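J.: build me a model from this:
(chains A and B)
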There are 2 protein chains.
Amino acid sequence: MLYSSVNNIKIKELAKLKNKKYRDKEGLFLIEGEHLVKEAYNSGYLKELLLLENTNFNLEIETNYITKNVLKYLTNVETPTGIIGICKRKNMRLNGKKLLVLDSIQDPGNMGTIIRSSVAFNIDTIIINDKCVDIYSDKVIRSSQGMIFKTNIIKEDLHSFITKIKGQIPIYGTKVTGGKDLKTLEKISEFAIIMGNEGNGVDPKLLDLCDEYLYIPMNKNCESLNVGVATSIILYELTK
Amino acid sequence: MLYSSVNNIKIKELAKLKNKKYRDKEGLFLIEGEHLVKEAYNSGYLKELLLLENTNFNLEIETNYITKNVLKYLTNVETPTGIIGICKRKNMRLNGKKLLVLDSIQDPGNMGTIIRSSVAFNIDTIIINDKCVDIYSDKVIRSSQGMIFKTNIIKEDLHSFITKIKGQIPIYGTKVTGGKDLKTLEKISEFAIIMGNEGNGVDPKLLDLCDEYLYIPMNKNCESLNVGVATSIILYELTK
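T.: Alright, predicted model coming up:
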């Protein structure tokens, strides 16, 4: 069918998904553009497709149409493509023994980049806490380039989680000074690596629980790297 | 003195610096916040300081004051700190033999991240083309965490530039498939590495001029990495 009014109940409900509270409540989120929609479809996340009328785009999924004003009402971007996907969250569980633990990553671009690199470098599960930016926000999904549909992410209280896995898997933290030069690290196939907030780093209480600390050797003129970059370099090295 | 009106000629001129055209014309740019202002001061970029009245912040540089409405008029951020620096560009020249060549990097966050990583991993000169985002835009400077003041960046026609250095320094390009696994690269102390646009990669005409191609080994589920991440991983490996 064709939705032509922003006052339509379904359209109003969908627009509410711009808000984290509603995304959490409904278990749904919106995505935009051909690339993301295809990735969501291939990974079984896509529930329904909304196309700007006269847009030619075929997937074997329930498809409805919207007018320009409805598209403008639902979109998060300045120049919408006319392809909107309604996605349903999946239930995810801790899986594997290559774990990335994220403490309060707040920038959506960084979160998306980290998710993208986690797929590239074979992380089994990403564990986030409730101070992290919402992974279903449009900016995170866009920055992840759709890799969010290929990864496994769970939310936990990090202190309890790390305490629980302590002794089973080596736990690595990062410190700007001290610890082990990342370049000298031997090959490891099981690990939990903890990365922390853009401004404050990893919570000291979590750092205390680590078995070993890593640092990325760099010029002393530079205090630190972007957290998306630092995480990616560490994951790159750990997949040796 | 205290500037209290947004109609003041000097304040109006400064506000124009939000626009690339005026930044280019005047050779000036604005920065905000204690951290960036200190970095600019230490690197000799800071020309004048504008403080919200009653702000306590001392540097040995010409300092004037502004009222809240003027601050709001000049700022680029939602919650301004009340510390604005007026900076003067420096003339920069090609220097050293560790070169990073950027073809049409357009996202300011990526450009800032790359600048930050370039300082961390000892790049001597970054060469950009005129399709790159303006390095003096506030988002680039913020993402660089002030590292823009510690790096050397020149703008060139990249085809001419690469042709000129060809034969003198090994030129590396990146390809998703083919080429040499980055992890098997021997230590090199002289190089020019070319990184390309977020969507389109490196211009094929530039790629043709490369002596060798590198790729970052990764899971086939992931097509590519964020360009800031890919650049940083390559620079990290090259500084072995």
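
J.: now the helices for chain A?
T.: A:9-15, A:20-26, A:34-42, A:68-74, A:108-120, A:138-143, A:158-165, A:204-207, A:227-238 (DSSP state H).

J.: got those as a markdown table, with mean neighbour count and mean pLDDT columns?
T.: Backbone N, C-alpha and C define where each C-beta goes, glycine included. Listed next are the helices of chain A as a markdown table, based on neighbours: other C-beta atoms under 10 Å in any protein chain shown; pLDDT from 0 to 100:
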| stretch | mean neighbour count | mean pLDDT |
| --- | --- | --- |
| helix A:9-15 | 15 | 97 |
| helix A:20-26 | 14 | 97 |
| helix A:34-42 | 19 | 96 |
| helix A:68-74 | 17 | 96 |
| helix A:108-120 | 27 | 97 |
| helix A:138-143 | 22 | 96 |
| helix A:158-165 | 17 | 97 |
| helix A:204-207 | 15 | 95 |
| helix A:227-238 | 25 | 96 |
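
J.: need the ones you listed in CSV (columns: distance to A:Ile84).
T.: Listed next are those as CSV, based on distance: least, C-beta to C-beta, whole Å:
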stretch, distance to A:Ile84
helix A:9-15, 8
helix A:20-26, 15
helix A:34-42, 8
helix A:68-74, 6
helix A:108-120, 19
helix A:138-143, 11
helix A:158-165, 34
helix A:204-207, 38
helix A:227-238, 27
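
J.: out of the ones you listed, nearest to A:Gly179?
T.: When the helices of chain A are compared by C-beta to C-beta, helix A:204-207 sits nearest A:Gly179, at 10.3 Å.

J.: for chain A, which residues are neighbours of chain B?
T.: A:109, A:113, A:116-117, A:119-122, A:143, A:145, A:147, A:150, A:183, A:216-219, A:221-226, A:228-229, A:232-233, A:236, A:239-240 (C-beta under 8 Å from any C-beta of the partner chain).

J.: ends of stretch A:172-182, how far apart?
T.: Stretch A:172-182 has an end-to-end distance of 11 Å (C-alpha to C-alpha, to the nearest Å).

J.: quick check: mean pLDDT of it?
T.: Averaging pLDDT along stretch A:172-182 yields 85.

J.: buried residues in that stretch?
T.: A:172-174, A:182 (16 or more other C-beta atoms under 10 Å in any protein chain shown).

J.: contacts for that stretch, please.
T.: Stretch A:172-182 has contacts (C-beta atoms under 8 Å, 6 or more residues apart in numbering or on different chains) with A:191-196, A:201-202, A:206-207, A:210-217, A:223-224, A:230, A:233-234, A:237.

J.: filter those down to just the ones in strands.
T.: Members of these lying in strands (criterion: DSSP state E): A:191-196, A:212-215.

J.: now these: which count as buried?
T.: A:191-196, A:214-215.

J.: tell me which of the residues you listed is nearest to chain B?
T.: Distances from those to chain B were compared by C-beta to the nearest C-beta; the smallest belongs to A:Tyr215, at 11.7 Å.

J.: which residue, other than its chain neighbours, is closest to that closest one?
T.: Using C-beta to C-beta, 6 or more residues apart in numbering or on different chains and skipping the chain neighbours, the partner closest in space to A:Tyr215 is A:Gly179 (5.1 Å).

J.: got it, and A:Thr75?
T.: A:Glu32 (6.4 Å).

J.: right, and the one you found touches A:Cys87 too?
T.: No - A:Glu32 is beyond contact range of A:Cys87, at 10.9 Å (criterion: C-beta atoms under 8 Å).

J.: the two: which is more packed in?
T.: Higher neighbour count among A:Glu32 and A:Cys87: A:Cys87, with 26 against 22, using other C-beta atoms under 10 Å in any protein chain shown.

J.: quickly list what the more buried one is bridged to.
T.: A:Cys87 has the following beta-bridge partners by DSSP bridges: A:Phe29, A:Leu46.

J.: which residues touch the closest residue in space to A:Gly228 that isn't next to it in sequence?
T.: Of all residues not flanking A:Gly228 in the chain, A:Thr113 sits nearest, at 3.7 Å (C-beta to C-beta, 6+ apart). Going by C-beta under 8 Å, 6+ apart, A:Thr113 touches A:143-144, A:228, A:232, B:226, B:228-229.

J.: and if we set it to 6 Å?
T.: A:143, A:228, B:226 (C-beta atoms under 6 Å, 6 or more residues apart in numbering or on different chains).

J.: mind giving me the domain split of chain A?
T.: Domain segmentation of chain A under automatic domain parsing yields A:2-88, A:98-238.

J.: adding distance to B:Leu59 as columns, could you present those domains in a markdown table?
T.: A markdown table is the format used below for the domains of chain A (distance: least, C-beta to C-beta, whole Å):
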| stretch | distance to B:Leu59 |
| --- | --- |
| domain A:2-88 | 39 |
| domain A:98-238 | 20 |
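
J.: nearest to B:Asn19, of these?
T.: Going by C-beta to C-beta, the one of the domains of chain A nearest B:Asn19 is domain A:2-88, 19.0 Å.

J.: let's see the distance spanning the closest one from one end to the other.
T.: First-to-last distance for domain A:2-88 - C-alpha to C-alpha - comes to 22 Å.

J.: ok now that domain, how far from the chain's centre?
T.: 19 Å (C-alpha atoms, centre = their mean, to the nearest Å).

J.: same question, stretch A:104-121
T.: 6 Å.

J.: equivalent analysis for stretch A:183-198, please.
T.: Per C-alpha atoms, centre = their mean, the centroid offset for stretch A:183-198 relative to its chain is 19 Å.

J.: any figure for the gap between A:Leu52 and B:Ile9?
T.: 48 Å (C-beta to C-beta, to the nearest Å).

J.: tell me which of the domains of chain A sits nearest to B:Val70.
T.: It's domain A:98-238; of the domains of chain A, that one is closest to B:Val70 (C-beta to C-beta) at 27.8 Å.

J.: span of that closest one from start to end?
T.: Span of domain A:98-238 from end to end, C-alpha to C-alpha: 9 Å.

J.: and that domain, how far out from the chain middle?
T.: Taking mean C-alpha positions (C-alpha atoms, centre = their mean), domain A:98-238 and its chain are 12 Å apart.

J.: can you pull the contacts of A:Asn221?
T.: B:119, B:150.

J.: what number of residues lie near the closest residue to A:Lys90 other than its chain neighbours?
T.: Spatially, and ignoring its direct neighbours in sequence, A:Lys90 is nearest to A:Tyr45 (6.9 Å; C-beta to C-beta, 6+ apart). Other residues lying near A:Tyr45 total 21 when counted by other C-beta under 10 Å.

J.: how about A:Tyr45, phi and psi?
T.: phi -90, psi -20 (degrees, to the nearest 10).

J.: assess the claim that it and A:Cys87 are in contact.
T.: Yes - if you go by C-beta atoms under 6 Å, A:Tyr45 and A:Cys87 touch, sitting 4.4 Å apart.
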